[in-house]
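Q: Any chance you can model this:
(one chain, ligands or ions: 1)
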Amino acid sequence: MSALRKGNHTGLPLQKIAKLNHYTSTSREVLMPHLSTDVLIVGAGGAGMYAAIAAARGGAAVLLLDKGQVGRGGATIMAQMTVAVALGEQEPDSVQLHLQDTLNAGRGLCNEELSLLLCADGPARIREMDEWGTRWARENGHIKQEMAPGHSVKRCCYVDFLNTGPAVAATLRRKVGEIAAIRRISNLAVVEILVRDGRAVGALALNQIDGQFISIEAKAVILAAGGLTKLFARNSASANMGGEAYALALWAGAQLVDMEFVQFFPIGHLAPRLVGMDPIMWDPFRYKLGGKLLNGKFEEFIDRYGSTDFGKYNATRDVAAYAILKEVEAGRGTPHGGAYLDFRHIGESQLRAAFGPVIDRLLTNGIDLAKTPVEVGPMAHYHMGGVRVDVNMQTRVAGLYAAGEAVGGANGANRLSGNAITEAFVFGERAGSRAAEQVKKFTDNWHDTLAREAIDGFHKAREADSTDSATPIALQAELQELMWEKAGPFRTGAKLSAALARIGQMQRQLAQLPVGAEKQFNLDLQDWFELRAMLTTAKAIVQSALARNESRGAHQREDFPAPDDSLLKNQVLELQDGALATTWIDPVRLQKNNVHYPEFRS
Ligand SMILES: Cc1cc2nc3c(=O)[nH]c(=O)nc-3n(C[C@H](O)[C@H](O)[C@H](O)COP(=O)(O)OP(=O)(O)OC[C@H]3O[C@@H](n4cnc5c(N)ncnc54)[C@H](O)[C@@H]3O)c2cc1C
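A: From the prediction side, this is the model:
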């Protein structure tokens, strides 16, 4: 317990914030700490921390958990670029225009109510963050906003080069720390949402340090556990983005939407090794300065794939990703399986004028852009699909909400750059405030048997004799390769079917994987629970990708290369008798005549 005491951030030993209960499991007697709260938030990135602040502001007692360190564990702190929001500080802009750009990028599949919420509430969130101390870059007294691909005006604000994510995470951590109603606990991974009579009433968590289960009773639960890009061997993600939010939602009875839409960033950094810098940092270099894409033989190749490059690298993301992977397939890749991005023709003074401090940070990584090209290639970066919610972030399970990247629908088939952090703040605030309102109406529906039954379920899911020679982490690595090879940027029915078959085998193998009996820092146990969720989420992606026989946005099928208007629908998944069932629905459209667009400044 002492290790947990160190990591729980409450300043109190866990015993003081928990009442200790005895739960008798059928297989063994378990002494299990028990926590109780109004609103439980699973995941403490941008969405989770914003949700915690909003729920506390609404009068609720909040428990904010993270499997890593609160406020330091996921994508938010890694995002070093920009936040898209219609502030109209740099040039005239409007919520309506931001919405139109978002819907265009979403290729007809956005849930327009969610997209509108993202665009309409974004300005208030960014200004609130400003009041809380985020130092948005300014010019002549105005928040500075930059142009980015897909936006029709300068809309993307930032803190300074490569510091936006760390800065907003620091602001939210500080704010959360000031609010007494928010208790924070690091190193607790939620492994099951507990549901009683169709309502979410808490969760079961695994203490990552001592391997102990902890039961948590709550009147509402918010899933803010981030994205899934760790499922792919090549990704820009943190180690904690294994798609657990989606699996937890499915198991609890919620629905997922459009799981096939994984965004692959075409020029993620592959080599040389880059420490402490964003792997997707090359985009601003691309649109500010150009930069030649060269294959492993140092030949320009984009022109071979139907895009003119005009001596600069300005090909669209899908063409660039396709061209790079096809060159690699043809044996003309770079040593790390990508392409070279070459700035040597630009010259040091111009590079420095555009990116001064970044050039020095690259030099500390041994990268001199004036002398050496870097290796880049497509990598999984963001998930457009996710948990299906209404505009209050409520899933179809009463008391269960979702927020941030875990939510599906706002960005349709493709996301505009900068929309993801806005989404995390806006959806986090909405989920927290709505959950706080709702818990006032609820009476406690907890029962101690719920946690015991969940633990019994895990014991049953694992056979007594672990006969398999593989380990959970080895299977995770295999799954990542499988997803990259068979469900990555370019998919076919044959590759997806093969992936589905292997995922099914792995799910059966799960029961026999050894996890050992150690209590302290049992990584096999942590990896086992993570793998269990990863497999469920991987299956949801692959099954959805197999069913969508068209290419649209981020979902590219080589055997169905064109969009098919009859598939201009969202794909909804749910568990029925343990199997994933699919329904196709029409996208949620705004009733255009009834939409009130909030005022904006210009
Ligand atoms: C390298 C990189 C750069 C990016 N750059 C930009 C950018 O410039 N602009 C932009 O708009 N977007 C960007 N994005 C995307 C954006 O950062 C994310 O979509 C957004 O931050 C997600 O916020 P979130 O709170 O939903 O999730 P996260 O910030 O990922 O937080 C989720 C948290 O949940 C925790 N968690 C996971 N599973 C569990 C569990 N079972 N139990 C408890 N806790 C759990 C994790 O540890 C993590 O702390 C970038 C992403 C990456 C990876």
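
Q: If we ignore the residues flanking it in sequence, what's nearest the single nearest residue of the stretch 301-450 of the chain relative to the ligand?
A: Relative to the ligand, the nearest point of the stretch 301-450 of the chain is Gly404 (2.2 Å; C-beta to the nearest ligand atom). To be clear about C-beta, it is placed using only N, CA and C from the backbone, and glycine gets the same treatment. The shortest distance from Gly404 to any non-neighbouring residue, by C-beta to C-beta, 6 or more residues apart in numbering, is to Ala47 (2.6 Å).

Q: Which other helices and strands does the longest helix seen in the chain contact?
A: Scanning the chain for the longest helix, with DSSP state H as the assignment, gives helix 523-547. If contacts are counted by 3 or more C-beta pairs under 8 Å, 6 or more residues apart in numbering; DSSP states H and E, helix 523-547 sits against strand 188-196, strand 199-207, helix 244-252, helix 472-487, helix 493-509, strand 570-576, strand 579-585.

Q: Past the second one, which element shows up next along the chain?
A: Sequence-wise, the next helix or strand downstream of strand 199-207 (DSSP states H and E) is strand 213-223.

Q: That next one to strand 199-207, inter-axis angle?
A: With axes from the mean of the first three to the mean of the last three C-alpha atoms, to 10 degrees defining the directions, strand 213-223 sits at 130 degrees from strand 199-207.

Q: Parallel or antiparallel, list what pairs with strand 213-223.
A: According to DSSP bridges, strand 213-223 forms sheet pairs with strand 29-42 (parallel), strand 199-207 (antiparallel), strand 400-402 (parallel).

Q: hmm, it touching the ligand?
A: No: Strand 213-223 is not in contact with the ligand by C-beta under 6 Å from any ligand atom; minimum separation 8.8 Å.

Q: how about the residues of the stretch 351-500 of the chain that lie near the ligand?
A: Contact residues (C-beta under 6 Å from any ligand atom) of the stretch 351-500 of the chain with the ligand: 382, 404-406, 418-421, 424.

Q: can you tell me which residues contact whatever residue of the stretch 151-300 of the chain ends up closest to the ligand?
A: Residue nearest to the ligand within the stretch 151-300 of the chain: Gly226 (2.8 Å; C-beta to the nearest ligand atom). For Gly226, the contacting residues are 43, 45, 47, 74-75, 240-241, 245, 404-406, by C-beta atoms under 8 Å, 6 or more residues apart in numbering.

Q: what's around Arg502, how many residues?
A: Arg502 sits with 17 neighbouring residues when counted by other C-beta atoms under 10 Å.

Q: returning to that earlier point: element containing the residue of the stretch 151-300 of the chain closest to the ligand?
A: Counting by DSSP H and E, there is no helix or strand that carries Gly226.

Q: ok, and the closest non-adjacent residue to it?
A: For Gly226, ignoring the flanking residues on the chain, the nearest one in space by C-beta to C-beta, 6+ apart is Gly74 at 4.4 Å.

Q: got a list of what the one you found touches?
A: Contacts of Gly74 by C-beta under 8 Å, 6+ apart are 43, 45, 68, 225-226, 238, 240-241.

Q: Please give the centre-to-centre distance between stretch 554-564 and its chain.
A: Centroid separation for stretch 554-564 versus its chain: 24 Å, with C-alpha atoms, centre = their mean, to the nearest Å.

Q: Flag every buried residue along that stretch.
A: Buried residues in stretch 554-564, counted by 16 or more other C-beta atoms under 10 Å: 554-557, 560, 563.

Q: For stretch 234-247, what is the distance to the chain centroid?
A: Computed by C-alpha atoms, centre = their mean, the separation of stretch 234-247 from the middle of its chain amounts to 7 Å.

Q: any residues touching the host helix or strand of Thr102, and which ones?
A: With elements taken from DSSP H and E, the one containing Thr102 is helix 95-105. When contacts are defined by C-beta under 8 Å, 6+ apart, helix 95-105 is touched by residues 84-86, 110, 112, 115-116, 118-120, 122-123, 150-153, 155, 410-412, 414-416, 419, 553, 597-598, 600.

Q: Repeat the analysis, applying 7 Å as the threshold.
A: Contact with helix 95-105 is made by 86, 110, 112, 115-116, 119-120, 150-153, 155, 411, 414-416, 419, 597-598, 600, as judged by C-beta atoms under 7 Å, 6 or more residues apart in numbering.

Q: Buried subset of those residues as a PyMOL selection?
A: The buried residues among the contacts of helix 95-105 can be selected in PyMOL (16+ other C-beta under 10 Å) with this line:
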select buried, resi 86+110+112+115+116+119+120+150+151+153+155+411+414+415+416+419+600
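
Q: Of the contacts of helix 95-105, which belong to helices?
A: Among the contacts of helix 95-105, the members falling in helices (DSSP H) are 112, 115-116, 119-120, 419.

Q: which one of the residues you listed is nearest the ligand?
A: Comparing the ones in helices among the contacts of helix 95-105 against the ligand with C-beta to the nearest ligand atom picks out Asn419 as the nearest, at 5.8 Å.

Q: can you list the weak-confidence ranges in the stretch 401-550 of the chain?
A: Across the stretch 401-550 of the chain, residues meeting the criterion (pLDDT under 70) sit at 463-466.

Q: let's see 80
A: The model of the stretch 401-550 of the chain has pLDDT under 80 over residues 443-444, 459-468, 517.

Q: same question, the stretch 151-300 of the chain
A: Low-confidence segments of the stretch 151-300 of the chain (pLDDT under 80): 161-162, 276, 284, 286-288.

Q: Could you list the contact residues of it toward the ligand?
A: The stretch 151-300 of the chain has residues 189-190, 224-227, 236-237, 240-241, 244, 278-280 near the ligand, with proximity defined as C-beta under 6 Å from any ligand atom.

Q: okay if I get the helices and strands packed on helix 523-547 as JSON lines plus distance to Ser307?
A: JSON lines is the format used below for those (distance: least, C-beta to C-beta, whole Å):
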{"stretch": "strand 188-196", "distance to Ser307": "44"}
{"stretch": "strand 199-207", "distance to Ser307": "48"}
{"stretch": "helix 244-252", "distance to Ser307": "34"}
{"stretch": "helix 472-487", "distance to Ser307": "24"}
{"stretch": "helix 493-509", "distance to Ser307": "25"}
{"stretch": "strand 570-576", "distance to Ser307": "30"}
{"stretch": "strand 579-585", "distance to Ser307": "33"}
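
Q: contact partners of stretch 298-310?
A: Contact partners of stretch 298-310, identified using C-beta under 7 Å, 6+ apart, comprise 292-295, 315, 319, 322-323, 326-327, 340.

Q: In ChimeraX, how would I pick out whichever of those residues are buried, leaving the exposed ones unselected?
A: Entered in ChimeraX, the line below selects the buried ones among those, by 16+ other C-beta under 10 Å:
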select :292,293,294,295,315,322,323,326,327,340
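
Q: Next, format the contacts of stretch 298-310 as a markdown table and append distance to Gln145 and secondary structure.
A: Converted to a markdown table, the contacts of stretch 298-310 look like this (distance: C-beta to C-beta, whole Å; DSSP: H, G, I helix; E, B strand; the rest coil):
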| residue | distance to Gln145 | secondary structure |
| --- | --- | --- |
| Lys292 | 29 | strand |
| Leu293 | 28 | strand |
| Leu294 | 33 | strand |
| Asn295 | 36 | coil |
| Ala315 | 25 | coil |
| Val319 | 27 | helix |
| Tyr322 | 31 | helix |
| Ala323 | 31 | helix |
| Lys326 | 36 | helix |
| Glu327 | 36 | helix |
| Tyr340 | 32 | strand |
